[in-house]
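Novice: Predicted model and sequence follow; I will ask about them next.
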Amino acid sequence: MIRTLVVEDDPVAAAAHAAYVGRVPGFEVVATAMNGADALRAVTTTQIDLVLLDVHLPDTSGLEVLRRMRAAGHTTDVIMVTRARDLAVVHAAISFGATQYLVKPFTFSSVRAKLAGYLEYRERLRNEALVAQGDVDELFSSLRGRVVASGLPKGVTKESLDAVSAALQAAGRDVGLTAAEVAGTLGASRVTARRYLEYLVETGLGVRRARYGGTGRPQTEYLWREGGVR
């Protein structure tokens, strides 16, 4: 799980951002902060993998928080969140090492796309060896989001989509498969399998549900939706 800190001074917005993050598989919000001081304290005292950091805070700016994080040696990834469209702010965020940039107002689908790209980026860092320029380019392309082309999102091919669909259909009407199980069947990474499974859910061809059993958090599994249409 990607342990996430939400930094936002508006309580309503903070709750909304936390809810958005919590709806994306693979992420959990472990802390929230309403100002820069609390954000820096959380990064120091809590295991944090990712920070959603608002630029405008009551005691300082999110840019200053990011600068202090880097000065203190914290390499935690940061997605800057702001209404500002000033190129100077964007440039400063990049200079201080922001991983991504999210402009308000945004929808859940925008957050999901950013986090999906980030999760793929983390998965590639952990599992793949970078041996050439193309490998590095592909790694960073994971953070740039996906655009619709030829009827399918970038990174989704018809052949792989058909294979994932066939795996769900073969499992049976009442039998769900997790992303890891689909990945094992197809010989793909779990992140790749989840991307296709979530696309099937979005298009009405798949259903997502929780699988309970044993101890710990329930797993997310996917089922083929009979009668679904693309």
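Specialist: Structure received. Residues are numbered from 1 along each chain as shown.
Novice: Name the residues of stretch 107-120 that are buried.
Specialist: 111-120 (16 or more other Cβ atoms under 10 Å). Where you see a C-beta, it was placed from the backbone N, CA and C, and this is true even at glycine.
Novice: ok, so of those, who is nearest Ala19?
Specialist: Comparing the buried residues of stretch 107-120 against Ala19 with Cβ to Cβ places Val111 closest, at 9.8 Å.
Novice: give the contact list for the closest one.
Specialist: The neighbours of Val111, taking Cβ atoms under 8 Å, 6 or more residues apart in numbering as the test, are 17, 20-21, 24, 102.
Novice: Mind checking which of the residues you listed are in helices?
Specialist: Using DSSP state H, 17, 20-21 are the members of the contacts of Val111 that sit in helices.
Novice: returning to that earlier point: export the contacts of Val111 to a markdown table and tack on pLDDT?
Specialist: Below are the contacts of Val111 laid out as a markdown table (pLDDT from 0 to 100):
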| residue | pLDDT |
| --- | --- |
| His17 | 92 |
| Tyr20 | 90 |
| Val21 | 93 |
| Val24 | 90 |
| Leu102 | 85 |
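Novice: Could you list the low-pLDDT ranges of the protein?
Specialist: Within the chain, the stretches with pLDDT under 70 are 84-86, 105, 127-142, 144-152, 226-230.
Novice: for it, what spans make up the strands?
Specialist: 2-7, 27-33, 50-54, 77-82, 100-103, 148-149, 152-153, 177-178, 206-211, 219-224 (DSSP state E).
Novice: List the buried residues for the second one?
Specialist: Pointing back at strand 27-33 there. Buried-residue list, strand 27-33, by 16+ other Cβ under 10 Å: 27, 29-33.
Novice: got it, and stretch 71-79?
Specialist: Residues 74, 76-79 are the ones in stretch 71-79 that count as buried (16+ other Cβ under 10 Å).
Novice: likewise stretch 5-19?
Specialist: Those would be 5-9, 14, 16-18, for stretch 5-19 by 16+ other Cβ under 10 Å.
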